[in-house]
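Q: Show me how the following folds:
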Amino acid sequence: MSTFKIEGGFSGLAASTRVRLARNLKGYPYRGLTARQYKEIADKIWNALQTAPAIAADFTMTEIRPRSAEGAVLVEKHLISPELAQSGGWLIASKDGGVAIMVGEEDHMRLQVIGSGLCPKECMAEARRLAALIEGQVPMDFNETLGYLTACPSNLGTGLRASIMLHLPLLGGAGRMQDVIAAAGRQGFTVRGAYGEGSKAVGGFYQLSNQVTLGMSEDAIVEQLVTLATDVIGQEKQLREQLRSQNETALADRTCRAAGILQTARLIETGEAVECLSNVLIGLQMGYLAGVSPTEVCALEQAIRPAVLGGAPAERDKKRAALLREMAKKLEIKES
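A: Numbers count the residues shown, from 1 in each chain. So this is what the prediction gives:
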């Protein structure tokens with residue numbers, strides 16, 4: 001399970017934050033690159049990192065083979081995109097998984113920084129630091145009027161995609177997410193499932209991210225994202241308090257029952273496990289459960305994914321249950 005160096009607030013309601021910068025190297029075509037050219041680009045980025053030995057010591061470079069089992073694991077850990085797993089390329093990543101540089105996706109380089117909780121400003125600062133180190137050694141395509149040039153116009157300008165993984169099970173369950181999605185869209189943001197466009201929001205996990213990259217500064221995008229995320233989190237918290245006031249026994253039962261399942265299950269499928277973890281997060285935030293941090297629960301949600309566990313379905317269900325029992329035995333059920 002990853003424990004990221006960068007940590008922010010609203011732990012459990014904001015599961016994680018990701019900041020990603022898209023860049024393209026001068027002297028290379030944007031489309032139709034050969035495997036050799038992608039390797040050259042990866043080597044240039046790697047060598048740029050080596051100019052700062054203290055930073056470089058924390059990184060490794062790995063080839064991602066097309067449609068490989070390793071690629072599927074990295075997708076579930078949010079270290080690479082499904083597109084890179086499909087086509088293949090290179091990954092330069094920190095040992096804790098907090099920084100990942102993809103080579104060979106839609107753009108030559110996509111540098112991402114991930115943190116726990118609500119921390120886009122801190123992630124942005126780290127992304128800038130690493131981008132400056134690389135760009136100091138490797139020239140990137142940049143236009144004084146348009147900004148950073150990208151393969152897709154939707155990334156033109158800052159090349160920035162900033163996103164926050166929000167845990168909003170009650171808003172989703174109450175049918176309120178369409179209002180959230182509409183409000184986000186009016187401000188230039190989008191709301192998707194945890195694994196991006198087209199994915200489902202299992203367990204009430206949603207990804208809030210910016211759509212606009214041109215005509216706004218990086219700081220303005222990040223500031224607006226924080227404001228919007230804080231507002232949505234406030235709506236979720238308000239709904240939880242309403243449910244507490246209307247039927248606290250049912251809410252406590254929902255969370256404590258989930259804890260009981262995780263403490264005793266010997267076989268458990270992914271969907272049921274994520275739903276139980278979702279309810280445990282509610283219990284921790286509402287004070288019905290204690291003994292485990294929301295950050296640990298959010299990290300476990302990734303660790304129990306099928307590709308990460310590996311093996312046949314029945315064996316995965318057994319491994320998953322064992323991992324969950326190990327965490328759940330630390331849970332304390334509070335009297336409400």
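Q: What segments of the stretch 101-250 of the chain are helices?
A: For the stretch 101-250 of the chain, the helices identified by DSSP state H, counting those that start in this stretch occupy 120-135, 169-173, 177-186, 218-264, in order along the chain.
Q: Dump the ones you listed to a markdown table, plus mean pLDDT and mean neighbour count.
A: The C-beta positions use only the backbone N, C-alpha and C, and glycine is treated the same way. Output for these, formatted as a markdown table (pLDDT from 0 to 100; neighbours: other C-beta atoms under 10 Å):
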| stretch | mean pLDDT | mean neighbour count |
| --- | --- | --- |
| helix 120-135 | 97 | 19 |
| helix 169-173 | 94 | 18 |
| helix 177-186 | 95 | 14 |
| helix 218-264 | 97 | 17 |
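Q: Columns distance to Gly88 on top of those, output as a markdown table?
A: Below are the helices of the stretch 101-250 of the chain laid out as a markdown table (distance: least, C-beta to C-beta, whole Å):
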| stretch | distance to Gly88 |
| --- | --- |
| helix 120-135 | 22 |
| helix 169-173 | 35 |
| helix 177-186 | 33 |
| helix 218-264 | 30 |
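Q: Identify whichever of these lies nearest to Asp96.
A: helix 120-135 (12.1 Å; C-beta to C-beta).
Q: what residues does the closest one touch?
A: Contacts made with helix 120-135 from outside it, assessed by C-beta atoms under 8 Å, 6 or more residues apart in numbering, are listed as 6, 8, 17-21, 23, 45, 48-49, 51-52, 55, 99, 101, 109, 111-115, 162, 164, 218-219, 222, 225-226.
Q: what about burial for the residues you listed, which qualify?
A: Among the contacts of helix 120-135, those classed as buried by neighbour count (16 or more other C-beta atoms under 10 Å) are 6, 8, 17-21, 23, 45, 48-49, 99, 101, 109, 111-115, 162, 164, 218, 222, 225-226.
Q: for stretch 134-142, the distance to its chain's centre please.
A: Centroid separation between stretch 134-142 and its chain, computed with C-alpha atoms, centre = their mean, to the nearest Å, is 26 Å.
Q: Show me where the stretch 51-200 of the chain dips below the pLDDT cut-off.
A: Counting by pLDDT under 70, the stretch 51-200 of the chain contains low-confidence ranges at 195-200.
Q: Now do the strands for it: every range, in order, please.
A: Along the stretch 51-200 of the chain, the stretches classed as strands by DSSP state E, counting those that start in this stretch are 59-64, 89-94, 99-103, 109-116, 142-143, 147-148, 160-167, 189-193.
Q: roughly how far apart are Ser81 and Arg316?
A: Separation of Ser81 from Arg316 (C-beta to C-beta, to the nearest Å) stands at 23 Å.
Q: What of Arg192?
A: In this structure, Arg192 and Arg316 are separated by 26 Å, where distance is defined by C-beta to C-beta.
Q: Many thanks, I have nothing further to ask.
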